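> need a structure here:
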Amino acid sequence: MATKLWPAAPMKRREMHNHHMDSTIWNDFAFRDDDVIIATYGKSGTTWMQQIVGQLIFAGDPDVTVAELSPWLDLRVPPKEVKLPAVEAQTHRRFLKTHLPVDALVVDHIARYIYVARDGRDVIWSMHNHHANANQAWYAAINDSPGRVGPPIPPADPDLRRYFRTWLDEDGAPFWPFWDHVRSWWAIKELPNVLLVHYEDLKRDLPGEMRRIADFLGIQVDPARFPAMVEHCGFAWMKANAGKAAPLGGVFWDGGAETFINKGINGRWRDTLTLRDVTDYETRSVAELGPVCARWLAGGSRAV
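Okay, here's the model as predicted:
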């Protein structure tokens, strides 16, 4: 695959450590010229994009297990001494996951980066399901394993509106900052090896977005296989085959893999948030991102 250069690559300017992340792993990662890096804030369509890229790379194979093939590289567990050799041993086209903002990540011109965004209110409804259904094995891995920096992650507040307000008022608590994350990826959207995708656009036109992603990755799609690829990336199929996508088959969540692959529905916040909540969120979004990015974050490509 031919590589594209830009005049000034964004530089890594800081490390990010918390109960989940260790960004230093990227300092030691050896890139290949066809690597695909899937980046999101979290609960923004990460697993969906991993499934899409996996289906494109493996030509619609229904047995592709993206949870095994596409690790979250900057997750602290297992440590980088274990993870890096495992990723280096992969012989297929690698597609890796990150939840880092740009300035805590190594952005290499030979790799391809796909950033998936989602309205923050929908993120939190999905995040609450993820957090509230996490079991003791999840808390042990995240809070009690060696190398955690900062406070442990607490149990999820059962009150969804209050959970949202904490996340909004404390910028991402108890996970990590949201606005800076979105802003950092929006700032490099014009780079030739970066593709921004919105969750809402995937829902509106999955086949069209998959073709756009294939073109970006330089993948020639077999028309005879494409309908199967699209089917395998639909929510119903992924829910029925959740064990192939959920980390460790879903052992960290009550209800298993089908809890991890939850509903895939946007707008559930409308029945819970007050007018003040909505106004506060939308005002903050414009202040943090600017009006164009804020409109895109709220509605995808049709909103800008």
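
> When you work out contacts or count neighbours from here on, use the C-alpha atoms and nothing else.
Noted.

> For T274, grab phi and psi.
phi -80, psi 170 (degrees, to the nearest 10).

> for I219, what are its contacts?
Contacts for I219 were tallied using CA atoms under 8 Å, 6 or more residues apart in numbering; they are L56, I57.

> Convert stretch 283-303 to PDB, retaining C-alpha atoms only.
Presented in PDB, the C-alpha positions along stretch 283-303 are these (Å, rounded to 0.1, in the frame of the first residue of the first chain):
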ATOM      1  CA  THR A 283     -23.900  24.700  25.400                       C
ATOM      2  CA  ARG A 284     -20.800  22.900  26.700                       C
ATOM      3  CA  SER A 285     -20.400  21.000  23.400                       C
ATOM      4  CA  VAL A 286     -20.300  24.200  21.300                       C
ATOM      5  CA  ALA A 287     -18.000  25.900  23.800                       C
ATOM      6  CA  GLU A 288     -15.600  23.000  23.800                       C
ATOM      7  CA  LEU A 289     -15.700  22.000  20.100                       C
ATOM      8  CA  GLY A 290     -17.000  24.900  18.100                       C
ATOM      9  CA  PRO A 291     -20.300  24.900  16.300                       C
ATOM     10  CA  VAL A 292     -19.300  22.800  13.300                       C
ATOM     11  CA  CYS A 293     -17.800  20.000  15.300                       C
ATOM     12  CA  ALA A 294     -20.600  20.200  17.900                       C
ATOM     13  CA  ARG A 295     -23.200  19.700  15.100                       C
ATOM     14  CA  TRP A 296     -21.300  16.800  13.700                       C
ATOM     15  CA  LEU A 297     -20.900  15.100  17.100                       C
ATOM     16  CA  ALA A 298     -24.700  15.500  17.600                       C
ATOM     17  CA  GLY A 299     -25.800  14.100  14.300                       C
ATOM     18  CA  GLY A 300     -23.100  13.000  12.000                       C
ATOM     19  CA  SER A 301     -22.500  14.000   8.400                       C
ATOM     20  CA  ARG A 302     -26.100  15.200   7.800                       C
ATOM     21  CA  ALA A 303     -25.700  17.800  10.600                       C
END
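
> contacts for it?
117-120, 179-180, 182-183, 186, 198-201, 282, 304.

> For it, the averaged confidence score.
Averaged over stretch 283-303, pLDDT sits at 97.

> which parts of it are buried?
Residues R284, S285, E288, L289, C293, A294, R295, W296, L297, A298, G299, G300 are the ones in stretch 283-303 that count as buried (16 or more other CA atoms under 10 Å).

> Phi first, then psi, for the last one.
Right, G300. Main-chain torsions, G300, degrees, to the nearest 10: phi 80, psi -160.

> what's the neighbour count on P101?
22 (other CA atoms under 10 Å).

> Just say helix, strand or coil for K97.
strand (DSSP: H, G, I helix; E, B strand; the rest coil).

> Now do the end-to-end distance for stretch 182-200.
16 Å (CA to CA, to the nearest Å).

> buried set for it?
Buried, per 16+ other CA under 10 Å, within stretch 182-200: 182-186, 188, 191, 193-200.

> Among those, which lie within strands?
Using DSSP state E, the members of the buried residues of stretch 182-200 that fall in strands are V194, L195, L196, V197, H198.

> what about the residue nearest to the second one when sequence neighbours are not counted, how many neighbours?
In this case it means L195. Distances taken as CA to CA, 6 or more residues apart in numbering put I114 closest to L195, at 4.8 Å, once the chain neighbours are dropped. Close neighbours of I114, defined as other CA under 10 Å, add up to 23.

> Could I get the pLDDT score of I114?
98.

> on that earlier part again, would you reformat the ones in strands among the buried residues of stretch 182-200 as a markdown table and include distance to I25 and pLDDT?
Shown next, in a markdown table, are those (distance: CA to CA, whole Å; pLDDT from 0 to 100):
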| residue | distance to I25 | pLDDT |
| --- | --- | --- |
| V194 | 21 | 97 |
| L195 | 23 | 98 |
| L196 | 24 | 98 |
| V197 | 25 | 98 |
| H198 | 27 | 98 |
